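Enquirer: what follows is a predicted structure for the sequence shown.
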Amino acid sequence: MKSNILSSLIDLLFPRTCFSCNDRIQNDIICESCLNSLEFLTEVCPVCGAYDQGKTCLICQGNEFQFDKARSVFQFNKMILNLIHDLKYDEMRKVAILFGKLTEDYLREFNPFQSVDIIAPVPLHKVKKRSRGFNQSQLLTAEISRRMNWPHEPNLIQRRRFTETQTKLGRKDRKKNVQDAFSLKAKLNINNKNILIVDDVFTTGATVNSISSVLRQNGAAKVFVLTIARA
Amino acid sequence: MEKRELSSHSIEKRKLPSPLVLPAVFWAIGLIAGKSFHIPLLYLLASFILIFAFLFYRKFRIYGLLVSVVILGIMRIGSFQKLPENHLKTILQQHPQILQPIGGTIISEVSCQEGKYRFELNLAEIAGKPVRGKILFSTFQDSLQYGDQIVTVALLQKIRRSSNPAAFDYEEYLNAKNIFAQGYSKTPITVTGKQGNFFSKTVIGIRTFIRQRIEQRFGKQAGFVKAITIGDRRDIDETRQILNRAGLSHLLAVSGLHVGIISLVLFIFLCIIVPNRNAARIILIILLVIYGSVCNWSPSVFRAVLMISLFLISQILQRKVNTNNILFASFLIITALQPNQLFSAGFQMSFAAVFVLLNIMPEVRFLKLKKEEITALTVFKKIVNYLLILIVSSLVLNIFLAPITIYHFQQFGFNGLLGNLLGIPLIGLILPLALLIIFLPSITFLISIYQSAFQVLMLIFDSWTKLVSNLPAHFDFISLNLFQVFLIFLILGSIVVFFKQTGKRKIAISIGIVLIISLLISTFAANRFQLLKITFFDCGLGDLCLIESPSGEKIMIDTGPTEQTSGHFSRSALPYFQKQGCQVLDWLIITHAHNDHYGGMESVFANLEVKNLVVTDKFQEREIWPDFADMIAAENCRIITIIDTITLIQQPFKLKILHPDRNFEHTNINNLSIVARLNFADFCALFTGDLEHEGEKYLLEKYAEFLPADVLKVGHHGSRTASGTDFIKKVYPAHAFISTALQNRFDFPHPETLKTFEYLENQLFISGRDGALQITTDGKTARLFLFLSGQEYIDNDLK
């Protein structure tokens, strides 16, 4: 009874709301109707995971990418954008739990990466991580590794230099921006291992591509990429 | 692809819910109702039960809840919060003065002013009997501290109400803090023990430490730094006025802005040393609570600390919140703890400002730049954008806060529009720098570097504020009553509706026009004078009287005592002028050259525009006259020298100067006082200055037919050297006013005088006992009103 009164008082001060539509809800992170409106991204290019009616897309036909397979859980839209912003900029860590659960559903349904030996996040630069307080991709990998039982290696990759944020750059500049930005940190043998890199958004793939080439040079067997949203 | 986008775009983002707004509004209504009307407890309980029944009907549940919130509000502030029998307030109702041995605990910091130590004392006993209640205590004894349990013989007095119209009400101010009496020790104080909690002790320790550091390290600017860091505004009277005129007074108090700056600096610092964000947030909340206590929880600090803490908690709980909900939550918390805060200017301005920033500012269209658009701007455009936002916000804030500042302080202005442009960024630098200097360890050379940086910033700040304060957009002596304030807010509201809801424009316009018309009518009606008003102010030992004619002319007779006294013009009568919105004095009559009559002249000339100064030729022969002559010349004021009997004003009432007569010679300048006779239809009043027996005799011989009066300002503060029995028999007033403080070095009023006026019974008023007296008359009847007691007398039988 006591805790009931306290929790309803807290609910009055800080009403629980759906992160997406701001409707009042009882628990959870987003409301039912918002959850139902989400659809997994299907009929994608088998390599890079872009929506292309299931055919290999033009970019991948040119062998652009260093990774073997990339998949995104959702097509990028306003709702996903807002959720990612809540996670990244407003430190709503609950969103990572939601995404983890949805990603698990996605992986169980489509099973795109047959076997994963190591799951690792795209790293933030030390300074940026300090100022943001956390790495949103690491929150995601922690959640996915727990649910999928994949070994988590949060410090596998590190950022060697401080790069400008990708969001303001064009395709070419993005590629240039992240070139040689990453290196392998952990003294871990990744020889013949299948590695899954996780990020929040896949736009041109420049970031994950740069990481993939580092992993490949160090003898990884297969490099997979998983992102929450596909721009 | 298209289908997918459609389905996801159909989800609209609504406004975040703020469930506390309505309850807070109804709570406030309850508090206001409880304060204004005395509603018996029985009715309240009955209606409460009735409403409780409503709660079982789903349909009416929400209304039932809201009405019960109103009733709770009434009960919170109502006078029937039953005080215990032995509460000091109850005791004081029977014995306004108590001289007894007392005991109690010091519950506040002991502050020192001019050798006098003051603190709040929680009473435990009077004359051995247990008593409850807080008092404000002062003593000349040092070495007392927070937490000391003390015993002494003390004089306890009820706090005196303001005795002058519109003047600052000390009683109300202290009552809001639950303090109902003042005490002075009559014997040495003995400390019998220690009591007090660790938290308050720490807070007082921190405050003392900060104050000492500031005094050591800031020299001349110490007063200013104390004001902006710990809200101690005792030493900054001059700066305060400049900043006030510059529209920047919000920078001088510890306001939400300051708490915001401090929180930001602290949070960045905490994030560097504490890896866990939530731990950093909790530490910040604790630090803010300590800081709030150091600042004595002034309304704006309380609000800001609460809002920031609630915001941090929402981040810990990971819930998105509507800032309005947080604002109204802190509104509810503060008014639940201290319901009287709702009526304080600081509280009202603090909440109104944040409310406007949250709710009105976003509606100002051209400011609706999105984040992405702002990041895309060039540096120059970013600065322009920032400046524009600042100007527009201060404009909107100034407009919406103007009714409040006018109501409380009779002034408003737009100098802040420019002032804030540099003022806010400067305070953003000055405040962190000041904190750095305060908390830096004693490394002389490091400190001196920061000190010089501080000096430079202060130099810029001072010259900027001086510059801005000289701009012409500051308006004072403006008066509004509560009804007009209400109307103005409604007008502002309909303007907002006009811009916000384009569908309701016609309604908004028509309602707005109706409101504006009623506002004009109410101001017009308030400015129409039909009655003659005479106000005798309580200025201590001195004379100060204001006559307001039916046509709006103002005549002041004497200006009260000098600057050092509590009855000085600026404290006793100036608030009335401000409240009346009156800045022009048509006639100033100085009866004679004694400083209990001309003492306030400098302040009068500094604050009001005096058109005519009426003085005797003898005054102009005094040594002090040249000082005034310069002041008068600068003001473009006409000097009228009285050398003989003359009629000063003919219409609509007659003001005749009877004395000093040309043929009357005397060495005592009291006897050369100007004696004025006011005649308005049947009503007649006589003002005799400090005239003594010799002068009275001369008047009896020469102007006997002009002496009979309804009201007499008794000569020479009730001295036995004036008010001769023959003279009083001739004047034979129905009401008399003696202008003097009660305890004074001349022992005015003298018993002989009181005897002479014995026949008047309760119609003899003494300013030191009865406070100010206001007489309103239409020439046929007169209404006498005492400000201290609220007593009213009607005189239908005028001469």
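Expert: Sure, I can see it. Numbers count the residues shown, from 1 in each chain, chains lettered A, B, ... in the order given.

Enquirer: switch to C-alpha atoms for all contacts and neighbour counts from now on
Expert: Noted.

Enquirer: for the helix or strand hosting B:Ala633, packing partners?
Expert: Element membership for B:Ala633 (DSSP states H and E) is helix B:625-635. Helices and strands touching helix B:625-635, by 3 or more C-alpha pairs under 8 Å, 6 or more residues apart in numbering or on different chains; DSSP states H and E, are helix B:601-607.

Enquirer: and the helices in chain A?
Expert: For chain A, the helices defined by DSSP state H occupy A:2-13, A:32-37, A:58-61, A:78-89, A:94-110, A:126-132, A:136-148, A:171-178, A:206-217.

Enquirer: just how off-centre is the longest one within its chain?
Expert: Read that as helix A:94-110. Its chain's C-alpha centre and that of helix A:94-110 lie 11 Å apart, by C-alpha atoms, centre = their mean, to the nearest Å.

Enquirer: does that helix come close to chain B?
Expert: Yes: Helix A:94-110 reaches chain B (C-alpha under 8 Å from any C-alpha of the partner chain) through A:Lys94.

Enquirer: closest approach to chain B from chain A, which residue is it?
Expert: A:Cys21 (4.4 Å; C-alpha to the nearest C-alpha).

Enquirer: residues near the closest residue to that residue other than its chain neighbours, how many?
Expert: Using C-alpha to C-alpha, 6 or more residues apart in numbering or on different chains and skipping residues adjacent in sequence, the residue nearest A:Cys21 is B:Lys13, 4.4 Å away. Using other C-alpha atoms under 10 Å in any protein chain shown, the number of residues around B:Lys13 comes to 14.

Enquirer: for the residue most central in space within chain B, phi and psi?
Expert: In chain B, the residue lying closest to the centroid (C-alpha atoms, centre = their mean) is B:Phe168, at 5.5 Å. For B:Phe168, the backbone dihedrals (degrees, to the nearest 10) come out as phi -60, psi 130.

Enquirer: now do the one 10 residues further on
Expert: Its backbone dihedrals place B:Asn178 at phi 70, psi 20, with angles given as degrees, to the nearest 10.

Enquirer: need the contact list for the nearest residue to it once chain neighbours are set aside.
Expert: Distances taken as C-alpha to C-alpha, 6+ apart put B:Lys134 closest to B:Asn178, at 6.8 Å, once the chain neighbours are dropped. Contact analysis of B:Lys134 by C-alpha atoms under 8 Å, 6 or more residues apart in numbering or on different chains lists B:88, B:120-123, B:178-181.

Enquirer: and the gap between B:Lys134 and chain A?
Expert: Separation of B:Lys134 from chain A (C-alpha to the nearest C-alpha, to the nearest Å): 33 Å.

Enquirer: just the pLDDT at the nearest residue to the residue nearest to the centre of chain B once chain neighbours are set aside, thanks.
Expert: Once flanking residues are discounted, B:Phe168 sits nearest to B:Ser162: 6.5 Å by C-alpha to C-alpha, 6+ apart. At B:Ser162, the model reports a pLDDT of 83.

Enquirer: didn't B:Ser162 look like it was pressed against B:Phe537?
Expert: No: if you go by C-alpha atoms under 8 Å, B:Ser162 and B:Phe537 don't touch, sitting 11.1 Å apart.

Enquirer: the two: which has the busier surroundings?
Expert: B:Phe537 (28 against 19).

Enquirer: contact partners for the nearest residue to that one once chain neighbours are set aside?
Expert: Leaving aside its sequence neighbours, B:Phe537 sits nearest to B:Ala772 (C-alpha to C-alpha, 6+ apart; 4.5 Å). Neighbour list for B:Ala772: B:163-165, B:535-538, B:786-788 [criterion: C-alpha under 8 Å, 6+ apart].

Enquirer: could you tell me the end-to-end distance of stretch B:564-576?
Expert: In stretch B:564-576, first residue to last residue: 20 Å (C-alpha to C-alpha, to the nearest Å).
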